[in-house]
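Q: Generate a structure from the sequence data that follows.
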Amino acid sequence: MYHEKIRSQILEGSLADFPGHLSGVYRGYHVSIQNRNAQFIVKINAHMEGDVNNGALAQFLERQKEISRELLKVDVFPYMAVLTIKGPNLAKNIPSVLNENLMPVFQFLSGNGYVSGCEQCGSDNGDVHCYEVNGDAHILCNNCRGELEVALQNYQQQKRSEKSRLVPGLVGAFLGSLIGCALWVVIYRLGYIAGIAGAVTAICAMKGYEMLGGHLDRKGVAGSAIIMVVMIYFANRLAWAWAAYSALGDYGWGFFECFQYLGSILESSDLTGNYMGDLIIGYVLTAVCSIRPIVQAFRTSSGEYTVK
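A: As a prediction, this is how the structure comes out:
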């Protein structure tokens, strides 16, 4: 996850480097760190018998947030605190930013007698480890890990038993895709081919299917993806028709005529290759930008999970 030189400077090199996170024990406290969109999600497992629901810890962290520009958010639970820290622009500054924001926390914890254990039950009987559950780090004891897997299995069975309403769902996917289609045309008119607009089309289509279909199952994801492909073709044609209308409107051409006879206009202007090139590039960029949300939607729709 990090270059060894950077890892070794974070919390005195006490955390081990795993593919999706750093985790380990620092000054007796279980810690995990994950990088999410240029922000660091830091989980510190801590609790104290006299501090009900970690109320005193929550007050301390809120005060820290007021004096730190990098500490963006704090969430406190009975056996754990989660800190969201803004990442620096340069990778070499990661250790200093993390250490400056975390050291006061550990000083507060150790100075007030907090102990560390499982984030769910607080126990520390020697079997507490960090697991990645659907990509998120969780520090759990073996019992709580087992209970979590049972809950995930039950959720998976529930999701796979749910069925959607296909026709209303496809209508919702079409209506949702119109948002991405409009964004595509606007960005294209600014002189760009927008793969991000394709991703928006995919996400809005799937959300529309879920809203009207009642549930986004696998056939809903597949149907939404097909609608996305069709709507991107429509958006690209609409954008080119708009450009044709801008050039031919003074000669008596209407917009809908430009849309209807776009193929003939492109042939006569020797622009068919440009049109097809834009469409292909648009599909490629859309695939690159959309593959992750589509795959995630597939996994969510079937209740798939990973624990490692």
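
Q: Contacts for stretch 105-112, please.
A: With contact meaning C-beta atoms under 8 Å, 6 or more residues apart in numbering, stretch 105-112 is reached by 26-29, 44, 46, 48, 51, 56-57, 60-61, 64, 81, 83. All C-beta atoms are positioned from the backbone trio N, CA, C, and that covers glycine.

Q: do that again at 6 Å, thanks
A: Arg27, Ala46, Phe60 (C-beta atoms under 6 Å, 6 or more residues apart in numbering).

Q: model confidence over it, on average?
A: Averaged across stretch 105-112, the pLDDT comes to 96.

Q: cool, stretch 284-295 as well?
A: 76.

Q: That stretch: which residues count as buried?
A: The neighbour-count check on stretch 284-295 (16 or more other C-beta atoms under 10 Å) flags Leu285, Thr286, Cys289, Ser290, Ile294 as buried.

Q: Check the residue lying closest to the second one once chain neighbours are set aside and give its pLDDT.
A: Of all residues beyond its chain neighbours, the one nearest Thr286 is Gly198 (2.7 Å), with distances taken as C-beta to C-beta, 6 or more residues apart in numbering. At Gly198, the model reports a pLDDT of 76.

Q: Relative to Ser123, which of the buried residues of stretch 284-295 is nearest.
A: Taking C-beta to C-beta as the measure, Ile294 is the one of those closest to Ser123, at 39.9 Å.

Q: Roughly how far does the closest one sit from Gly20?
A: According to C-beta to C-beta, to the nearest Å, Ile294 stands 21 Å off from Gly20.

Q: One more: Tyr114?
A: For Tyr114 relative to Gly20 (C-beta to C-beta), the value is 27 Å.

Q: who's more crowded, those two?
A: A direct count of neighbours by other C-beta atoms under 10 Å for Tyr114 and Gly20 places Tyr114 higher, at 24 against 14.

Q: between the contacts of stretch 105-112, which is closest to Ser246?
A: Ranked by distance to Ser246 (C-beta to C-beta), the contacts of stretch 105-112 are led by Phe60 at 60.9 Å.

Q: Am I right that the closest one sits in a strand?
A: No - with DSSP: H, G, I helix; E, B strand; the rest coil as the criterion, Phe60 is helix rather than part of a strand.

Q: How about the contacts made by it?
A: Taking C-beta under 6 Å, 6+ apart, we find Phe60 in contact with Phe108.

Q: Which pLDDT value does the model give it?
A: 97.

Q: any idea how far it is from Lys73?
A: Separation of Phe60 from Lys73 (C-beta to C-beta) stands at 15 Å.

Q: Also Gln156?
A: Distance from Gln156 to Lys73, by C-beta to C-beta: 30 Å.

Q: now swap in Ala247 and tell me
A: To Lys73, Ala247 is 51 Å away according to C-beta to C-beta.

Q: quick one: low-confidence ranges for the protein?
A: For the chain, the stretches with pLDDT under 70 are 1-2, 159, 193-195, 298-308.

Q: domain assignment for it?
A: Domains of the chain are assigned by automatic domain parsing as 4-157, 162-302.

Q: which residue ranges form the strands in the stretch 101-250 of the chain?
A: Assigned strands in the stretch 101-250 of the chain, in chain order: 129-133, 136-140 (criterion: DSSP state E, counting those that start in this stretch).

Q: Can you give the distance of the first one from its chain's centre?
A: Its chain's C-alpha centre lies 19 Å from the corresponding centre of strand 129-133 when counted by C-alpha atoms, centre = their mean, to the nearest Å.

Q: Now do the buried residues in it.
A: Cys130, Tyr131, Glu132, Val133.

Q: The last one now?
A: Of the residues in strand 136-140, those buried under the neighbour-count criterion (16+ other C-beta under 10 Å) are Ala137, His138, Ile139, Leu140.

Q: Looking at the residues you listed, which is nearest Leu266?
A: For these, the nearest to Leu266 is Ala137 (52.5 Å; C-beta to C-beta).

Q: who's the closest one bridged to?
A: Ala137 forms beta bridges with Glu132, as assigned by DSSP bridges.

Q: got the contact list for it?
A: Contact analysis of Ala137 by C-beta under 6 Å, 6+ apart lists His21, Ser32, Gln34, Cys130.

Q: State the pair within those that is farthest apart.
A: Gln34 and Cys130 (10.4 Å).

Q: just to revisit the earlier point, among the buried residues of stretch 284-295, which ones are in strands?
A: Using DSSP state E, no member of the buried residues of stretch 284-295 sits in strands.
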